[in-house]
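> next come a sequence and a model predicted from it.
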Amino acid sequence: MRSTQVIELPEDFWIPIPLDTDNITSLSPFSVPQDHLGHSGTFYTMAGFMFFLFVIGTSINTFTIACTVRYKKLRSHLNYILVNLAVANLLVSVIGSFTACCSFTFRYFIFGPLACKIEGFVATLGGMVSLWSL
């Protein structure tokens, strides 16, 4: 049973959403920018960092796979673990970092709830395979 008692907050108490918002669920992370979570500069800084990870991670892992495919001397049992690690990290880089970069740029997840679930699954799978490969 809910109490109808009014709770008085200190004058300097900070609420990270507009006070005229009736329901916190009305600020869906799939439909509106989540500016109540932080300053827009923070979002853009994180977007830049994720873009850096996307570019560097994708290029290094693609280069590792391409070198192993091209040069037969690199095809040893120990290097196959490295290739497995590169493929897993490529998944995390391409799927995880790219979607995070887009989400930070727009300040909300623009791809929708289904893509959020798929991205979470693929990034987690890539992370687990990376850990298993190590």
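Yep, it's here. Residues are numbered from 1 along each chain as shown.
> what's the following helix or strand after the helix or strand hosting residue 45?
Take DSSP states H and E as the rule and residue 45 turns out to sit in helix 40-70. Using DSSP H and E, the next helix or strand after helix 40-70 towards the C-terminus is helix 77-91.
> got a list of contacts for that next one?
With contacts defined as C-beta atoms under 8 Å, 6 or more residues apart in numbering, helix 77-91 is touched by 57-58, 61-62, 64-65, 68, 122-123, 125-127, 129-130, 133-134. C-beta coordinates here come from the backbone N, C-alpha and C atoms, glycine included.
> the residue lying closest to residue 88 once chain neighbours are set aside - how many residues pack around it?
Using C-beta to C-beta, 6 or more residues apart in numbering and skipping the chain neighbours, the partner closest in space to residue 88 is residue 129 (3.8 Å). Counted with other C-beta atoms under 10 Å, residues neighbouring residue 129 total 17.
> residue 87 now?
So residue 87, with other C-beta under 10 Å, has 16 neighbours.
> where in this structure is pLDDT low?
1-27 (pLDDT under 70).
> quick one, what contacts the residue minimising distance to the centre of it?
Closest to where the C-alpha atoms of the chain average out (C-alpha atoms, centre = their mean) is residue 100, at 3.8 Å. By C-beta under 8 Å, 6+ apart, the contact set of residue 100 is 46, 50.
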